[in-house]
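Peer 1: Provided below for reference: sequence and predicted model.
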Amino acid sequence: MKIIRPPLSLRLIHWFNNIVLGLLSIVTLGAIVFNILLYTDFFGDDMQLRTSFPAKVDFMEKGDLYLNGDHLKVQLVDANTRIHFINTPDYITKKAGIALLIILLTILLLVWEFRKFVLNVKNGDVFTKSNIHSLQKISYILVGIWVFTAVYMRLAYYYLNENIHFEQVVITDEVPNYEGLLFVALFVWVLAHIMMSGLKIKEEQELTI
């Protein structure tokens, strides 16, 4: 019996997925150790947390642009930036550490389910209940990541906006919603239903034979 090798693209995806899973596992393990050290006060008061600011900002200071003999007044608007908590208090670091760990564990589960799906397809098992369940789980996980990220960013925005003050920067209300995650989740959900239809057709053909 001739053994049919899977397409090169599937083998490359499976190989790349294994690498990502391994690296992500190492990073997640590091995040777990980091959180343990945080709660044992290992770092003391030396933490310098830098993270994405949960909203866009406008800079009040105007600049000068000299172009083709013209003198133009310009101002930076709708800028994405990062915030540095100088000598970060431990209660901020601990919350950020827990949030990071939750995201990493969720992404690790997502990559694991995707690996199961790719492995089945690579082995020729396409229309199976296992693949359908994997796709459904991936869709649910993506929605969960979207909900967690959107809520976390919105809460961070309100908390910082109420308690932070800058002289030359205005914080806008443009908080990212990450709609792309919902689109991908919907696509995966539709793909799961296509697999369901394929499985039903396959079972009907087997009964007919």
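Peer 2: Good, I have the coordinates.

Peer 1: For this protein, give me the ranges with low pLDDT.
Peer 2: Counting by pLDDT under 70, the ranges of the chain that qualify are 1-4, 45, 207-209.

Peer 1: The same query, at a cut-off of 90, please.
Peer 2: Residue ranges of the chain with pLDDT under 90: 1-11, 13-14, 37-62, 67-70, 75-97, 99-100, 103, 120-130, 148-180, 193-209.

Peer 1: Show me where it has its strands.
Peer 2: Ranges of strands in the chain, per DSSP state E, are 49-52, 57-59, 62-67, 70-75, 82-85, 169-171.

Peer 1: Out of those strands, flag the one nearest residue 115.
Peer 2: Taking C-beta to C-beta, strand 49-52 is the member of these nearest to residue 115, at 28.0 Å. C-beta here means a position set from N, CA and C on the backbone, and glycine is covered the same way.

Peer 1: List the neighbouring strands of the closest one plus their orientation.
Peer 2: In the sheet, strand 49-52 lines up against strand 82-85 (antiparallel) (DSSP bridges).

Peer 1: Residues in contact with the strand it pairs with: which ones?
Peer 2: For strand 82-85, contacts defined as C-beta atoms under 8 Å, 6 or more residues apart in numbering pick out 47-53, 92, 160.

Peer 1: show me where the protein has helices.
Peer 2: 8-39, 90-122, 129-163, 179-208 (DSSP state H).

Peer 1: between the second one and helix 179-208, how many degrees?
Peer 2: With axes from the mean of the first three to the mean of the last three C-alpha atoms, to 10 degrees as the criterion, the two stretches helix 90-122 and helix 179-208 enclose an angle of 30 degrees.

Peer 1: Which strands or helices does helix 90-122 pack on?
Peer 2: helix 8-39, strand 49-52, helix 129-163 (3 or more C-beta pairs under 8 Å, 6 or more residues apart in numbering; DSSP states H and E).

Peer 1: Highest mean neighbour count out of those?
Peer 2: helix 129-163 (a mean of 16; mean count of other C-beta atoms under 10 Å).

Peer 1: can you give me the offset of it from its chain's centre?
Peer 2: Here the centre of helix 129-163 is set off from its chain's centre by 8 Å, with C-alpha atoms, centre = their mean, to the nearest Å.

Peer 1: just stretch 41-48 next, same as before
Peer 2: Mean C-alpha position of stretch 41-48 versus that of the full chain (C-alpha atoms, centre = their mean) differs by 27 Å.

Peer 1: and residue 174, what does it touch?
Peer 2: Residues 55-56, 78 are the ones in contact with residue 174 under the rule C-beta under 8 Å, 6+ apart.

Peer 1: Make a PyMOL selection of the buried ones in these.
Peer 2: One line in PyMOL is enough to select the buried members of the contacts of residue 174, burial here meaning 16 or more other C-beta atoms under 10 Å:
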select buried, resi 55+56
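
Peer 1: Which single one of the contacts of residue 174 is nearest to residue 154?
Peer 2: residue 55 (9.4 Å).
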